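In: Next one to model:
(one chain, ligands or ions: 1)
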Amino acid sequence: MNEKMQRLAALRAAALQERDPTASDDVLAVLLQQAERICAQRVLEIGTGRGLTAVALLLGGAAHVTAIERDGARIVSARENFASFGVADRVRLLEGDAADILPCLQGEYDLIFLDCAKVQYRRFLPDCKRLLRAGGVLCADDVSLFADGVPKKRKMLAQHIGEFLQALQADADFCVRVLPVGKGLAVARKGEGI
Ligand SMILES: C[S@@+](CC[C@H](N)C(=O)[O-])C[C@H]1O[C@@H](n2cnc3c(N)ncnc32)[C@H](O)[C@@H]1O
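Out: Predicted structure coming up:
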């Protein structure tokens, strides 16, 4: 493992230990696999946190990441991480709420990682579909969050996630699998079988 990979692994381990949100190891492994399989060059990450997954995808071979994040402290941290890993010139970090940013985005992405507030997944699905190239892959994290039961206070959230999954699976343009990694990762390939 080279120096950057070692440093990233240490940052990721610290983040996971401190419950600072970043993709779990098995989710990241699937993202990297998918990216490699479809030769993903252009990636969109909705909810980029401190940028650790974006850095991993860039070090793994993606050419460019468009990253969306609304939390001020995480934006600062993401910018520091992009600079310190030497990938800042391959990232466009869009600051603000994805609800405002996504409808204005143009272009085509090979891979989209949907990892923001789960309550918004359903709302963001049409823009994800519009922005994904044919044969591209949408990965949505935490879709099995309540597989073991829904606490009373999380019923609305569980309903939103359920509606997102239902809409995704009912869309004939997507071929969808939900993988048992992290808290459930939906992997949806647009236009072709996965
Ligand atoms: C699970 S964390 C992202 C972790 C990151 N994808 C990674 O793997 O390292 C979710 C992030 O999404 C951000 N977020 C949630 N809803 C958002 C929205 N509507 N627009 C922009 N950012 C959002 C939160 O501030 C948080 O930093």
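In: what residue ranges in the chain are flagged as low confidence?
Out: Across the chain, the ranges flagged by pLDDT under 70 are 1, 192-194.
In: Next to the ligand, which bits of it? Give me the list.
Out: Neighbours of the ligand within the chain, by C-beta under 6 Å from any ligand atom: 21-23, 45, 47-49, 52-53, 68-71, 74, 97-99, 115-117, 120. Glycine gets a C-beta too; all of them are placed from N, C-alpha and C.
In: Which parts of the protein are strands?
Out: Taking DSSP state E, the strands of the chain run over residues 42-46, 64-69, 91-95, 109-114, 132-141, 174-179, 185-190.
In: which residues touch the residue of the chain found nearest the ligand?
Out: Closest residue of the chain to the ligand, C-beta to the nearest ligand atom: Gly47 (2.7 Å). Each residue near Gly47 by C-beta atoms under 8 Å, 6 or more residues apart in numbering is listed here: Ile68, Glu69, Ala98, Leu114, Asp115, Cys116, Ala117.
In: Turn those into JSON lines, including neighbour count.
Out: Shown next, in JSON lines, are those (neighbours: other C-beta atoms under 10 Å):
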{"residue": "Ile68", "neighbour count": "24"}
{"residue": "Glu69", "neighbour count": "26"}
{"residue": "Ala98", "neighbour count": "23"}
{"residue": "Leu114", "neighbour count": "25"}
{"residue": "Asp115", "neighbour count": "24"}
{"residue": "Cys116", "neighbour count": "23"}
{"residue": "Ala117", "neighbour count": "16"}
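In: Would you check how far apart the residue nearest in space to the middle of the chain and Gly51 are?
Out: By C-alpha atoms, centre = their mean, the chain has its centre lying nearest to Phe113, at 2.3 Å. With distances taken as C-beta to C-beta, to the nearest Å, Phe113 is found 12 Å from Gly51.
In: Output the strands of the chain in TSV; the columns should cover distance to Ala13.
Out: Output for the strands of the chain, formatted as TSV (distance: least, C-beta to C-beta, whole Å):
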stretch	distance to Ala13
strand 42-46	20
strand 64-69	21
strand 91-95	22
strand 109-114	20
strand 132-141	18
strand 174-179	22
strand 185-190	20
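In: all helices of this protein, in order?
Out: 3-17, 25-37, 52-59, 72-84, 98-101, 121-131, 155-170 (DSSP state H).
In: mind checking which of those is nearest Val176?
Out: Nearest of the helices of the chain to Val176, taken as C-beta to C-beta: helix 155-170 at 5.1 Å.
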